[in-house]
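Engineer: The sequence and its predicted three-dimensional model are supplied below.
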Amino acid sequence: SEHMGDDLAKVLLTEEQIQARLSELAEQIWHDYEGKDLLLVGVLKGAVVVMADLMRALPGTAPMDWMAVSSYGSGTKSSGVVRILKDLDADITGKDVLIVEDIIDSGLTLSWIRANLESRKPASVEICTLLRKPDVVKVDIPVKYVGFDIPNEFVVGYGLDYAERYRNLRCVGTLAPHVYA
Ligand code: PRP
Ligand code: MN
Ligand code: MG
């Protein structure tokens with residue numbers, strides 16, 4: 001459709017709900033990392049939007065770095081294959097790494113990234129995700145900061161894509177059936 005909003009079946013989280021929750025998380029993160037060497041590590045591309053808003057909600061400044069991996073490709077289901085497309089720019093030895101993600105679905109991507117980063121001898125590795133789906137209980141991945149627990153539906157917006165589109169939606173929602181047709 002001409003307007004992205006016409007492609008949504010329903011809105012799960014509004015822009016206001018997302019921003020309010022990110023402010024809370026940013027305050028909590030800043031408090032928890034006082035006196036530590038915080039490094040924000042974003043996972044391209046989905047985490048671009050949450051990183052931009054979360055880092056600006058922090059009361060102070062912190063550096064960021066990026067990794068690109070892929071587990072979904074262009075479909076809606078996880079393939080189970082994690083590939084590094086772009087590694088971090090810098091060494092993370094001794095850093096307090098906070099991985100920033102848009103969503104944890106199966107947990108496959110993050111359990112792999114966490115193990116990979118832990119092998120590089122950082123001081124700590126924690127995870128912050130805007131969204132978490134119920135299936136992740138299967139892999140038992142400890143997530144310190146969660147924005148919202150959501151139902152097991154395919155969602156787009158706020159960084160999340162369907163075939164690389166809809167990342168620029170300000171809300172999170174489900175797509176109307178005609179989009180998949
Ligand atoms: C999506 C999402 C997470 C991951 C979650 O990324 O952004 O990174 O899948 O799925 P999982 O918990 O089942 O592993 P995707 O691979 O689609 O790449 P993208 O961020 O570039 O959209
Ligand atoms: Mn992603
Ligand atoms: Mg994707």
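Structural biologist: All right, it came through fine. Numbers count the residues shown, from 1 in each chain. Ligands and ions are numbered 1, 2, ... in the order given.
Engineer: How about the contacts made by residue 109?
Structural biologist: Taking C-beta atoms under 8 Å, 6 or more residues apart in numbering as the criterion, residue 109 is in contact with 43, 69, 71, 78, 82, 101. In this view, the C-beta of every residue, glycine as well, is placed from N, C-alpha and C.
Engineer: mind redoing it with 7 Å?
Structural biologist: 69, 71, 82 (C-beta atoms under 7 Å, 6 or more residues apart in numbering).
Engineer: Also residue 54?
Structural biologist: Applying C-beta under 7 Å, 6+ apart, the residues contacting residue 54 are 22, 25, 26, 100.
Engineer: Wondering if the helix or strand containing the last one reaches ligand 3 at all.
Structural biologist: Read it as residue 100. Mapping residue 100 onto the secondary structure by DSSP states H and E places it in strand 96-104. No - no part of strand 96-104 sits close enough to ligand 3 to count as contact by C-beta under 5 Å from the ion; the gap is at least 8.5 Å.
Engineer: which non-adjacent residue is nearest residue 144?
Structural biologist: Leaving out its chain neighbours, the residue that sits closest to residue 144 by C-beta to C-beta, 6 or more residues apart in numbering is residue 126, at 4.3 Å.
Engineer: for residue 50, same thing?
Structural biologist: Closest residue to residue 50 apart from its sequence neighbours, by C-beta to C-beta, 6+ apart: residue 130 at 4.7 Å.
Engineer: Could you point out the helix or strand that follows the helix or strand harbouring that neighbour?
Structural biologist: Element membership for residue 130 (DSSP H and E) is strand 124-132. Once the chain leaves strand 124-132, the next helix or strand it forms, by DSSP H and E, is strand 145-149.
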